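A.B. asks: the amino acid sequence is not available; the structure is as follows:
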């Protein structure tokens, strides 16, 4: 899972570096050749994109560094943590299942939630039987952890 996330970030960074170093300079050069830059929308758009790409590359570099700090050997085997699948029951008795991941690799169709989200933060470190209150934008939500599969068990299942 971490290798997949790292590769996804690296691929995006590579594409952005190409855009920053090859494509955008050509676009800026074409816009400059058109003359008056004060009213040149292509020039303004290229400069704005250049700024966005630089900021995004900085963000990707920080995230890749943070991924390097995740010590998979110290991910708990008995509590909800990164990579865990968690089943929770709400007040109405409905059961939902979530997978805990990081924001850069969310797939909402697979019911993945970020560790940094309010629900993710509420679930981290919990065990089956624990009741959590997640402060969501729509209001507080109380959930009971019914079952969980840790990162280590998920890896064994996929092997």
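C.D. replies: Nice, thanks for sending it over. Predicted, not measured: the structure shown is a model, and the values here were computed from it.

A.B. asks: check whether residue 143 sits in a helix, strand or coil.
C.D. replies: The three-state label for residue 143, taken from DSSP: H, G, I helix; E, B strand; the rest coil, comes out as strand.

A.B. asks: can you name the residues bridging to the closest residue to it other than its chain neighbours?
C.D. replies: Of all residues beyond its chain neighbours, the one nearest residue 143 is residue 88 (4.1 Å), with distances taken as CB to CB, 6 or more residues apart in numbering. (C-beta placed from N, C-alpha, C; glycine too.) Each beta-bridge partner of residue 88 is listed here, defined by DSSP bridges: residue 96, residue 145.

A.B. asks: residues near residue 88, how many?
C.D. replies: Close neighbours of residue 88, defined as other CB atoms under 10 Å, add up to 27.

A.B. asks: just checking, it touches residue 94?
C.D. replies: No: using CB atoms under 8 Å, residue 88 makes no contact with residue 94, being 9.2 Å away.

A.B. asks: picking that back up, report the contact partners of the residue nearest to residue 143.
C.D. replies: Remark: with contacts taken as CB atoms under 8 Å, 6 or more residues apart in numbering, residue 88 is in contact with 95-98, 123, 132, 143-146.

A.B. asks: please apply the same query to residue 12.
C.D. replies: For residue 12, the residues meeting the contact criterion (CB under 8 Å, 6+ apart) are 56, 60.

A.B. asks: so which helix or strand takes in it?
C.D. replies: When elements are assigned from DSSP states H and E, residue 12 belongs to helix 2-18.

A.B. asks: strands of the protein, start to end?
C.D. replies: Secondary structure of the chain by DSSP state E: the strands cover 85-89, 95-101, 112-114, 131-136, 139-149.
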